[in-house]
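1. Return atomic coordinates for the entry below.
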Amino acid sequence: MRVDQFDSQVRLLEIAGRGKVAPSPEKKTAQPPRAEFQQTLTAELTKSAPVNFSKHASARLFSRGIELDREQLAKLSGAVDKAAAKGAREALILDDSAAYVVSIENRTVISAFSRDNLREGVFTSIDSAVII
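-> Next comes the predicted model:
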């Protein structure tokens, strides 16, 4: 359920003469528990959120000849979702053709490496890795 589909109306409280809240003339409807609403809201906000590329990462993609199609972007986004679910902050995401260092909280690719550039094999400032 998206927030704009939430069908209960939000009412402003009307203060009666003695500081008491005036009773609502409309029938009260059952609302979902707060925890359930929070879960639904969080799931909807993170669902299909795009993965962004920093200027540095964009330059690396271009200079290293790395091209991403829609399917690869969807896999990359899914890997970011998995890492976020596990509490990762900075992750190395590996696929068949490249490696990406990603800020999970910002959903931003910080740097990218082609398979040819992985010879050194040292990645710093990461707390997790996802293989797709």
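2. Please name the residues that touch R89.
-> 103-105, 127 (CB atoms under 8 Å, 6 or more residues apart in numbering). For glycine as for every other residue, the C-beta is placed from the backbone atoms N, C-alpha and C.
3. rerun at 10 Å
-> By CB atoms under 10 Å, 6 or more residues apart in numbering, R89 lies in contact with 83, 102-106, 125-128.
4. and after the helix or strand bottoming out on mean pLDDT in the chain, which helix or strand comes next?
-> Across the helices and strands of the chain, mean confidence by mean pLDDT, DSSP states H and E is lowest for helix 34-46: a mean of 70. Sequence-wise, the next helix or strand downstream of helix 34-46 (DSSP states H and E) is strand 52-53.
5. Quick one: mean pLDDT for that following strand?
-> Mean pLDDT, computed over strand 52-53, is 95.
6. So which elements touch it?
-> Judged by 3 or more CB pairs under 10 Å, 6 or more residues apart in numbering; DSSP states H and E, strand 52-53 is in contact with helix 55-63, strand 98-103, strand 108-114.
7. Export these to JSON lines and append columns for distance to L76 and mean neighbour count.
-> Conversion of those to JSON lines gives the following (distance: least, CB to CB, whole Å; neighbours: other CB atoms under 10 Å):
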{"stretch": "helix 55-63", "distance to L76": "11", "mean neighbour count": "14"}
{"stretch": "strand 98-103", "distance to L76": "7", "mean neighbour count": "23"}
{"stretch": "strand 108-114", "distance to L76": "8", "mean neighbour count": "19"}
